[in-house]
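Novice: sequence and predicted structure are below.
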Amino acid sequence: MNIQSVLPDDAERSLLFGRIATKEGPCTCLLRGDQVLDITKTYPTVSHLLRDSDRVQTLSNISGTVVTNLDELVTNSTNLTRDPLQPHILAPIDIQAVKACGVTFVNSLIERVVEEAAKGDSTRAGEARKVLESEIGVDLRNIEPGSEQASRVKSLLLDRGLWSQYLEVGLGPDIEIFTKAQPMSSVGFGDWIGIHPSSHWNNPEPEVVLVVSQDAEIVGVTLGNDVNLRDVEGRSALLLGRAKDNNASCSVGPFVRLLDDHFTLDDVRSLNLQLTVLGEDGYILEDGSTMKEISRDPLEMVEQLLDCHQYPDGAALFTGTLFAPTEDRDTPGEGFSHKYGDVVIILCDRLGKLTNRVGLSSEISPWTFGTLDLFRSLMKRKITF
């Protein structure tokens, strides 16, 4: 692995913080050059960092303890060769709520409708897609959600019997926002990601993740994999919780890049993501995504997230994906689905690289370290919070 490719191309101008596992317990960390600094005494949790209005100034001048170097950290974070006694990367969020926006790109909007029309049966997806594309007869990318034009398209599709709950959140005024994972349950760079054993039609979802403070400020940005079970959600949208929130089904990382003078919200709006899936059978899938094609602005997403709810410890908000693979992997007409051992690589030149390997949620290591364990660990180390 090219160690430097884990970091943004302009890493020397980036403020990158995250979390690592050490023998003493989880630590918040800051990258400075090739050194990994423990900054837990200043920021015991990510929530502490999000609450600090002077965080950029503090991190620019902080003098933490050097724990390891980047090369050793990345090498030991790969799940197949990990030494549990040496530092490795954790998800760069901890006690934050983990939320996600759905159906924010036209491609994923169409594919959600396809899943629904196919009743979660991958063998029926190809025909459902053809019928839908021929019947809609309009480029949904040019329609602003919640606009008068969107309302007219809705009426047209209702008349044709094609309206869907996914079209409602894709074109209507209200964004789909759901709980993706529980606080402390996300996995990080190099970890296994979990597919529920009942699923036979699933895919990765590479996404930009906004890290938001308690007062609705977008503090930083990272990468995420909103692992998706197409057959489960396709059978019924009421199964969204089963489809989205399973052991190790949420990957975030490798680090959070803070917004500052060198990386602004306008930069976030133009981020490009690359996805590669490498199968143990030699299979390769490559695709891309760009935030330029998103139908909802990041500020609108955060505004709706906090419209009638509060997140005192902050939140991590997945912004949705353009990626919905339709290429057949094995059987013609059945599209793509993961196989055990797939390596998923999500790359962004301004955020770095998130890499994970695919396993079954029922077989990989269970989630056992929660919020209470984190606080106990901090107390044992006499770190006040």
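Specialist: Right, received. Where do you want to start?
Novice: could I get the average pLDDT for the helix or strand that contains residue 18?
Specialist: In this assignment (DSSP states H and E), residue 18 forms part of strand 16-21. Throughout strand 16-21, pLDDT has a mean value of 98.
Novice: so which elements touch that strand?
Specialist: Helices and strands touching strand 16-21, as assessed by 3 or more C-beta pairs under 8 Å, 6 or more residues apart in numbering; DSSP states H and E, comprise strand 26-32, helix 46-51, strand 88-90, strand 250-258. All C-beta spots, glycine's among them, are computed from the backbone N, C-alpha and C.
Novice: any idea how this protein splits into domains?
Specialist: Using automatic domain parsing, the domain ranges for the chain come out as 3-102+175-380, 106-171.
Novice: a markdown table for these, including mean neighbour count?
Specialist: Output for those, formatted as a markdown table (neighbours: other C-beta atoms under 10 Å):
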| stretch | mean neighbour count |
| --- | --- |
| domain 3-102+175-380 | 19 |
| domain 106-171 | 17 |
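Novice: lowest average confidence across these, which one?
Specialist: Of all the domains of the chain, domain 106-171 has the smallest average pLDDT, which comes to a mean of 69.
Novice: just to revisit the earlier point, next, format the helices and strands packed on strand 16-21 as JSON lines and append distance to residue 372.
Specialist: As requested, the helices and strands packed on strand 16-21 are exported to JSON lines (distance: least, C-beta to C-beta, whole Å):
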{"stretch": "strand 26-32", "distance to residue 372": "13"}
{"stretch": "helix 46-51", "distance to residue 372": "15"}
{"stretch": "strand 88-90", "distance to residue 372": "17"}
{"stretch": "strand 250-258", "distance to residue 372": "20"}
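Novice: could I get the contacting residues of residue 300?
Specialist: Applying C-beta atoms under 8 Å, 6 or more residues apart in numbering to residue 300 gives the contacts residue 175.
Novice: who's the most centrally placed residue in the chain bridged to?
Specialist: Geometric centre of the chain, nearest residue: residue 224, 2.2 Å, by C-alpha atoms, centre = their mean. Legend: beta-bridge partners of residue 224 under DSSP bridges are residue 207, residue 252.
Novice: which residues does residue 347 bridge with?
Specialist: residue 274, residue 353.
Novice: so it sits against residue 271, correct?
Specialist: No - between residue 347 and residue 271 there is no contact under C-beta atoms under 8 Å: 11.1 Å.
Novice: what residues does stretch 342-350 touch?
Specialist: 5, 8-10, 193, 204, 206, 208, 223-225, 257, 263, 267, 271-280, 353-358.
Novice: same check, this time on stretch 264-275
Specialist: Outside stretch 264-275, the residues within contact range by C-beta under 8 Å, 6+ apart are 204, 206-208, 210, 218, 221, 223, 259, 285-292, 294, 297-299, 323, 344-351.
Novice: end to end, how far does it reach?
Specialist: 23 Å (C-alpha to C-alpha, to the nearest Å).
Novice: okay, how far is it across stretch 341-352, tip to tip?
Specialist: End to end - C-alpha to C-alpha - stretch 341-352 spans 22 Å.
Novice: typed the wrong thing, it's stretch 294-314
Specialist: 23 Å.
Novice: how far does it sit from the chain's center?
Specialist: With C-alpha atoms, centre = their mean, to the nearest Å as the basis, stretch 294-314 stands 16 Å off its chain's centre.
Novice: could you do stretch 288-306 as well?
Specialist: Distance, centroid of stretch 288-306 to centroid of chain: 13 Å (C-alpha atoms, centre = their mean).
Novice: for that stretch, measure first residue to last.
Specialist: Start-to-end, stretch 288-306 (C-alpha to C-alpha) is 30 Å.
Novice: what's the answer for stretch 19-28, then?
Specialist: Span of stretch 19-28 from end to end, C-alpha to C-alpha: 4 Å.
Novice: ok, stretch 25-38 next?
Specialist: Per C-alpha to C-alpha, stretch 25-38 runs 11 Å from first to last residue.
Novice: phi, psi for residue 378 please.
Specialist: Per-residue torsions, residue 378: phi -60, psi -40 (degrees, to the nearest 10).
Novice: could you check how far it is from residue 38?
Specialist: The span separating residue 378 from residue 38 equals 13 Å under the rule C-beta to C-beta, to the nearest Å.
Novice: cool, and residue 15?
Specialist: Residue 15 is 16 Å from residue 38, where distance means C-beta to C-beta.
Novice: go on, residue 77?
Specialist: 16 Å.
Novice: for residue 180, helix, strand, or coil?
Specialist: strand (DSSP: H, G, I helix; E, B strand; the rest coil).
Novice: which one is it nearest to, not counting chain neighbours?
Specialist: Leaving aside its sequence neighbours, residue 180 sits nearest to residue 100 (C-beta to C-beta, 6 or more residues apart in numbering; 4.1 Å).
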